[in-house]
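>>> fold the stuff below for me.
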Amino acid sequence: MRSRRPLPLVIALFGCRTLLGCGALLGCGAPPASPAPPPAEATAPATLEAPAPPSTPRLAERARQVHDRFRPDAALAVVAYADRFFRVRGNEGYLKTLEHVRDRVREAGLEARLIELGDARPTWTPRAAELTLLGDGGETLVRFARESEPDRATLLVGSDATPARELALIDADAVRRGEDARGKVVLAVGEPGPLFAELVAGTGAAGLITQNLEPYHQAERHPDAAQFGYLPEHATPAFGFSVGARDHAALVAALARGPARVRVEIDVATGAGRAGALEARIPGTDPTAGAIVFVAHVDEPGANDNGSGVGALAELAVALHAAIESGDAPRSRRTIVFLWGQEMEVSRTWLAEPPVPVGVGLVLDMVGEDPAHGAPFLIERMPDPGAIWLRGDDQHTEWGAGEVREEMLRGHLLNDVMAAAARAEAAREPWRWRSNPYEGGSDHMSFLRRDLPAVLGWHFTDDAYHTTRDRMDRVSAAEMRRVAATFGAVALTLASDAPEDAAEAIAILEHASRARLLDVDAASRALVAEGGSDAATERRVRRAWIDWYAEAFASVDAHYGGVAGSAAAARWRAGAGR
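Have a look, this model is predicted:
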């Protein structure tokens with residue numbers, strides 16, 4: 001995956017935490033510089049008392065219902081099944097994984113159907129490959145005989161089948177100096193797509209070997225880790241490998257000693273097909289009410305990314321169905337939909353013509369990382385002022401900030417109800433989690449593009465992310481259970497039409513809004529005192545949060561009906577000094 005360098009807004013807001021097409025990667029950008037502040041009209045900050053934690057018995061009970069019914073062993077078995085395959089759009093392993101999940105949820109009694117989405121495109125599966133450095137000090141750098149083996153991720157997606165050949169190696173800088181690359185393998189460092197276009201496609205080179213790692217991959221600790229990637233479309237047969245730091249150093253040393261050669265052999269399966277997706281649902285009592293829609297992407301060859309999202313969502317669907325069928329959870333007003341498919345494409349295409357009205361999107365991506373590996377569970381909020389101005393405890397991940405403008409902000413209850421559900425689940429047992437400001441890059445973006453509220457659940461940073469090391473030992477069944485309980489509690493709460501749920505949502509917002517403004521006020525005072533900002537900018541930030549939460553209170557009425565949320569919004573504005 002590419003570095004999180006700033007990119008234009010259209011990518012930052014509507015991009016993808018995956019590689020789209022052959023070699024095209026969409027990422028996230030950094031926030032724009034703040035435009036000139038408006039006139040500093042008097043908006044004297046009100047004095048707010050420290051908020052007491054809200055009581056959320058209904059949310060906590062729903063988290064318990066899902067937690068108790070969620071089968072960690074079954075979720076882990078789904079992840080293990082998916083991890084057998086190198087899953088990319090529409091290939092055999094991708095489709096088998098969809099079928100496996102379909103059978104699992106149907107067995108539990110859910111409605112589920114395979115659907116075709118998108119157009120027919122080439123499919124690709126690695127079968128076997130070998131890359132050997134020849135000569136003195138030579139060694140086999142890459143070898144796999146089945147797509148289930150770790151080195152499968154070293155062969156760049158889109159590589160062509162190649163009979164056993166011995167080829168000369170050439171350094172990227174030599175190619176740039178004009179040396180003849182025809183029939184040779186180019187050794188480089190960086191993202192494979194641009195390097196292939198520059199050094200292979202127009203030079204007659206046979207292929208590319210690149211080291212493409214980020215600082216968070218910690219190559220010094222994991223010298224054999226290699227990051228998977230894509231080649232762009234190409235007319236002439238060619239191949240590419242991604243190698244780890246140790247293998248790259250061996251190749252560089254071989255070139256330094258004089259002419260170097262490698263042996264390459266590649267077997268791949270190719271074809272064509274549509275993406276395919278799986279849709280399951282728990283019908284609500286009101287088919288006109290906006291559905292709660294879950295999404296987990298199936299593509300990418302990692303156990304955590306995103307086998308864990310696939311497995312967690314499968315067992316979450318089963319647990320929710322069991323809670324409702326048993327009568328422990330009342331049958332919801334809103335339909336609950338579960339989608340598995342190609343990242344971004346499944347949500348974007350399904351939302352273009354949804355079979356039911358849509359209310360909220362909940363996305364599970366990389367949700368199973370074992371906490372022992374470092375990253376806490378993250379709730380990526382829908383865009384709020386924290387996505388533009390970091391204040392207080394807010395921080396971005398190494399993914400990088402999305403580019404968000406003030407006119408994109410829309411207050412909604414979802415952010416804080418998600419956080420309250422995680423807090424309720426953490427009360428059961430210690431759990432590391434936090435929220436992060438919007439960054440973009442997964443299926444939640446498809447909902448936001450359509451002005452639908454959506455959040456992402458994930459883990460980052462992960463030093464095995466998108467590498468040969470993202471296998472079953474990275475995945476925690478207990479973590480998937482905690483995440484599922486959190487998401488399940490939110491789904492049942494938002495699918496409800498009970499006035500008690502609206503009241504609990506307002507209580508959650510009252511606590512969160514006061515805590516946020518206290519945090520922002522303290523951070524703003526410190527920034528101004530240190531010369532890191534000015535009073536006019538900080539008044540602007542404060543007003544943005546007050547307005548955002550006023551809209552969040554009002555969203556309770558839009559979601560549940562009634563006028564209590566609007567009344568709370570008025571109280572909030574008055575109490576916050578706006």
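
>>> in the chain, what helix or strand scores lowest on average pLDDT?
When each helix and strand of the chain is scored by mean pLDDT, DSSP states H and E, strand 24-25 comes last, with a mean of 28.

>>> so where is the stretch 451-578 of the chain shaky, pLDDT-wise?
Regions of the stretch 451-578 of the chain meeting the criterion pLDDT under 70 cover residues 578.

>>> buried ones in stretch 440-457?
Neighbour counts using 16 or more other Cβ atoms under 10 Å place 440-448, 452-457 of stretch 440-457 among the buried residues. Backbone N, C-alpha and C define where each C-beta goes, glycine included.

>>> between the residues you listed, which is nearest residue 232?
Nearest to residue 232 among these: residue 441, at 20.2 Å, using Cβ to Cβ.

>>> please report phi then psi for that closest one.
Backbone torsions for residue 441, taken as degrees, to the nearest 10, come to phi 120, psi 10.

>>> equivalent analysis for residue 458, please.
phi -160, psi 180.

>>> list the contacts of it.
Contact analysis of residue 458 by Cβ atoms under 8 Å, 6 or more residues apart in numbering lists 365-367, 377-378, 380, 442.

>>> if we use 7 Å, what do you get?
For residue 458, the contact set (Cβ atoms under 7 Å, 6 or more residues apart in numbering) comprises 365-367, 378, 380.

>>> would you reformat those residues as a markdown table and include neighbour count?
Listed next are the contacts of residue 458 as a markdown table, based on neighbours: other Cβ atoms under 10 Å:
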| residue | neighbour count |
| --- | --- |
| 365 | 26 |
| 366 | 29 |
| 367 | 32 |
| 378 | 22 |
| 380 | 28 |
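
>>> and the residues you listed, which of them are in strands?
Residues of the contacts of residue 458 located in strands (DSSP state E): 378, 380.

>>> and residue 175, that one's in a helix?
Yes. Assessed by DSSP: H, G, I helix; E, B strand; the rest coil, residue 175 belongs to a helix.

>>> count of residues packed around it?
Residue 175 is flanked by 20 other residues according to other Cβ atoms under 10 Å.

>>> equivalent analysis for residue 146, please.
11.

>>> tell me the spacing between it and residue 472.
Per Cβ to Cβ, to the nearest Å, residue 146 is found 15 Å from residue 472.

>>> again with residue 131
Separation of residue 131 from residue 472 (Cβ to Cβ): 25 Å.

>>> more crowded one of the two?
Each of residue 131 and residue 472 has its neighbours counted (other Cβ under 10 Å); residue 131 has more, 24 against 14.

>>> average pLDDT for whichever strand or helix holds that one?
Assessed by DSSP states H and E, residue 131 sits inside strand 121-133. On average, the pLDDT along strand 121-133 is 98.

>>> residue 266 against residue 163, yeah?
No. When contacts are counted by Cβ atoms under 7 Å, residue 266 is not listed as touching residue 163 (8.5 Å).

>>> show the contacting residues for residue 92.
Residue 92 neighbours (Cβ under 7 Å, 6+ apart): residue 125.

>>> go on, residue 291?
Residues counted as contacts of residue 291 (Cβ under 7 Å, 6+ apart) are 334-337, 356-359.

>>> just the ones of these in strands?
Per DSSP E, these map to strands at 336-337, 358-359.

>>> quick one: which of the residues you listed is nearest to residue 465?
Nearest to residue 465 among the ones in strands among the contacts of residue 291: residue 337, at 28.0 Å, using Cβ to Cβ.

>>> which residues touch that closest one?
Contacts of residue 337 by Cβ under 7 Å, 6+ apart are 279, 281, 291, 293-294, 356.

>>> residue 144 against residue 128, yeah?
Yes. The criterion here is Cβ under 7 Å, and residue 144 meets it with residue 128 at 6.2 Å.

>>> can you pull the poorly scored residue ranges out of the stretch 1-150 of the chain?
1-50.

>>> can you give me the helices in it?
In the stretch 1-150 of the chain, the helices defined using DSSP state H, counting those that start in this stretch lie at 9-14, 57-69, 72-83, 92-107.

>>> so what secondary structure elements neighbour the second one?
Looking back up the chat, that one is helix 57-69. For helix 57-69, the packing partners by 3 or more Cβ pairs under 7 Å, 6 or more residues apart in numbering; DSSP states H and E come out as helix 307-326, helix 414-426, helix 477-495, helix 499-530.

>>> of all those, which lies closest to residue 373?
Short answer: helix 477-495, nearest of the helices and strands packed on helix 57-69 by Cβ to Cβ, at 10.1 Å.

>>> next, the angle from the closest one to helix 499-530.
110 degrees (axes from the mean of the first three to the mean of the last three Cα atoms, to 10 degrees).

>>> what's the domain layout of the chain?
Here the domain parsing of the chain from automatic domain parsing is 57-119+274-496, 122-270.

>>> mind checking the end-to-end distance for the shortest one?
Chord length of domain 122-270, first to last residue, is 7 Å (Cα to Cα, to the nearest Å).
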